[in-house]
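Novice: sharing a sequence plus its predicted fold:
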Amino acid sequence: MQILFDAAVSPVYRGILAFFLVINVVLAFIIVFLDRDRREATSTWAWLFLLFIMPIVGFFAYIFFGRAVRKKRQTNTYYNPIDDDLHRKNYQQENPQKYIHEAHNPVVRKHSDIVKTLLTKEASFLSHNNHIDVYTDGHDLYRQMLEDMRNAKSFIHIEIYTLELDGLGKEIIDVLEEKLGEGLEVKLLYDAVGSKTIHKSKFSHFQSLGGQVEAFFKAKIPFMNFRVNNRNHRKITVIDGQKGYVGGFNMGDDYLGKGKLGYWRDTHFRVQGDGVDALELSFIHDWNSQSHREQLSYNEKYFPKNAYEDGDKSMQIALSAPSDNWHQIEFGYMKMIMNAKKSIYMHSPYFIPDNGYINALRIAAKSGVDVNLIIPCKPDHMLVYWATITSVAQLINDGVNVYTYENGFIHSKMMVIDEEVVSVGSANMDHRSFELNFECNAFVYDDKVAKHLIEKFKEDLKVSEKLTKERYEQRSTWIKFKQSIAKLASPIL
């Protein structure tokens, strides 16, 4: 404040500083008293600290990162009423115990509390007739996905966070344009921030062929998106209502291991069965929330009678969104941790959960559960990386086995408990995924899928290094300083 009265400081500079101080006071009042979406006190204090320690920086940071989406902004078409006969799904929320007890899958009956925890949205119905293929390498994944696209007969719907129009991205667009030439319906929804290097104008040929493309929460002012928060981080592809893809892979050459981070390790599911209906429900809602020209209806074209009859995997699709008071994916993760009796295996590239989540893992480890976590050895977002290291340091002392992946970059978001229940999807184990972004995870109740993912996890351990107490304590003073800054900022990362 003294600088405002310093005669050596120019009146213009004093005026600018005074303006931002006043604005910051107003923002502080909004954050404390009017912002109903600010759920955690730690987040409130972090914003107040930034606003008053760095007034100008804090102001712009809050404008771009601090505001949460309003519920009416995202729910103008939120899950229209669905014809049960059409979808062959009763609303299981009304009588969940009936559907669980009728399940032939013993894993579902054993973990029925996880199933009930997730039964809060239409898309989270429990289905049993699914076949699931697991992909951990981008080349394998996109070879199969492109083949499925080329064989499409009716429609292709893609919802993606990051799309790059490089080698892989162009190949995908070329295939989509081929299918448009055959008369198929093709819709593409990309996130305006996650895919910041592209613009709808680059899809002129795609659109001239009848393809439809939308940017999620696009900037109203060119090159200035005030919605850096609340991004659509989901990765969903649905083909003909018969095949669905969900997981952590985006679309671009980086995800084939051709970027600066090297080999890209991720996890993705290819689904056949009624679980595809859940992915299509999510896509339709998200498309309708952004498209003002054509609203999709819930009809037989998008929910055809499933042709796959050999599936035996039980699964649910969990969705999280910024205005939800019920954090479906976070609570699903937490319930898995609480249910674990023998083992927990986790991947998370960004691990910055709240203390309740960390304490649940500490309690699990102390009670004899074998808890294992793999994180990256290198950052793609510097501040987030150091916050991750700070978070896992709390786990090491209580017996959690933490490893850093040394073979490129691990982007997989996965949890497996007791070789029985699996969660794979787009949601990181951090505040941003749990409360700020639109996310999608598949929860699978099957010992074969679980054991397969554990085998992949153990293969990852061969190219990982354990983060021991001794190794952690050897970090330099400069790294300790960066961790301290990251820890202060972690509630708003």
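Specialist: Great, that's in hand. Numbers count the residues shown, from 1 in each chain.
Novice: quick one, helices of the stretch 101-250 of the chain?
Specialist: For the stretch 101-250 of the chain, the helices defined by DSSP state H, counting those that start in this stretch occupy 106-110, 112-118, 138-150, 167-181, 204-208.
Novice: could you point out which of those helices sits nearest I389?
Specialist: helix 138-150 (26.0 Å; CB to CB). Every residue, glycine included, has its C-beta placed from N, CA and C.
Novice: helices and strands around the closest one, which ones?
Specialist: strand 127-137, helix 167-181, strand 236-239, strand 243-247, strand 264-272 (3 or more CB pairs under 8 Å, 6 or more residues apart in numbering; DSSP states H and E).
Novice: lowest-confidence helix or strand of the chain?
Specialist: None of the helices or strands of the chain scores lower by mean pLDDT, DSSP states H and E than helix 84-87, at a mean of 42.
Novice: need the helices and strands packed on helix 138-150 in a markdown table (columns: mean pLDDT and distance to R471).
Specialist: Formatted as a markdown table, the helices and strands packed on helix 138-150 follow (pLDDT from 0 to 100; distance: least, CB to CB, whole Å):
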| stretch | mean pLDDT | distance to R471 |
| --- | --- | --- |
| strand 127-137 | 96 | 26 |
| helix 167-181 | 98 | 36 |
| strand 236-239 | 98 | 38 |
| strand 243-247 | 98 | 31 |
| strand 264-272 | 98 | 21 |
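Novice: P349 is in contact with L373, correct?
Specialist: No. At 11.2 Å, L373 does not count as touching P349 under the criterion of CB atoms under 8 Å.
Novice: show me where pLDDT drops low in this structure?
Specialist: Along the chain, segments meeting pLDDT under 70 span 1-102, 219-228, 479-493.
Novice: now with 50?
Specialist: By pLDDT under 50, the low-scoring segments of the chain are 1-7, 9, 32-33, 36-38, 72-91, 492.
Novice: how does it divide up, domain by domain?
Specialist: Domains of the chain are assigned by automatic domain parsing as 2-67, 74-110+125-317, 328-492.
Novice: for T117, find the nearest of these.
Specialist: Across the domains of the chain, T117 has its closest neighbour in domain 328-492 (4.8 Å, CB to CB).
Novice: what residues are up against I352?
Specialist: 384, 387-388, 391, 429-432, 490, 493 (CB atoms under 8 Å, 6 or more residues apart in numbering).
Novice: how much space separates the closest residue to it other than its chain neighbours from L261?
Specialist: The shortest distance from I352 to any residue other than its chain neighbours is 4.0 Å, reached at D430 (CB to CB, 6 or more residues apart in numbering). Taking CB to CB, to the nearest Å as the measure, D430 falls 19 Å from L261.
Novice: so which of these two has more stuff around it?
Specialist: Neighbours per residue, other CB atoms under 10 Å: of D430 and L261, the larger number sits with D430, 25 against 16.
Novice: that one: what's it in contact with?
Specialist: D430 touches 348, 350-353, 384, 493, counting by CB under 8 Å, 6+ apart.
Novice: which residue, neighbours along the chain excluded, lies closest to V392?
Specialist: V402 is the one closest to V392 (CB to CB, 6+ apart), at 4.7 Å.
Novice: typed the wrong thing, it's L188
Specialist: V213 (4.5 Å).
Novice: next, the contact list for the one you found, please.
Specialist: Neighbours of V213 in contact, by CB under 8 Å, 6+ apart: 187-190, 200, 203, 206-207.
Novice: in strands only, show me those.
Specialist: In strands, defined here by DSSP state E, the members of the contacts of V213 are 187-190.
Novice: in TSV, list the domains of the chain along with distance to L118.
Specialist: Formatted as TSV, the domains of the chain follow (distance: least, CB to CB, whole Å):
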stretch	distance to L118
domain 2-67	20
domain 74-110+125-317	5
domain 328-492	5
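Novice: nearest to K451, of the contacts of I352?
Specialist: K451 lies nearest to M429 out of those, by CB to CB, at 22.1 Å.
Novice: so in terms of bridging, what pairs with the closest one?
Specialist: Taking DSSP bridges as the rule, M429 bridges to F351.
Novice: tell me how far it lies from K466.
Specialist: 19 Å.
Novice: H205 contacts E177, correct?
Specialist: Yes. Applying CB under 8 Å as the test, H205 and E177 come out as touching, 6.9 Å apart.
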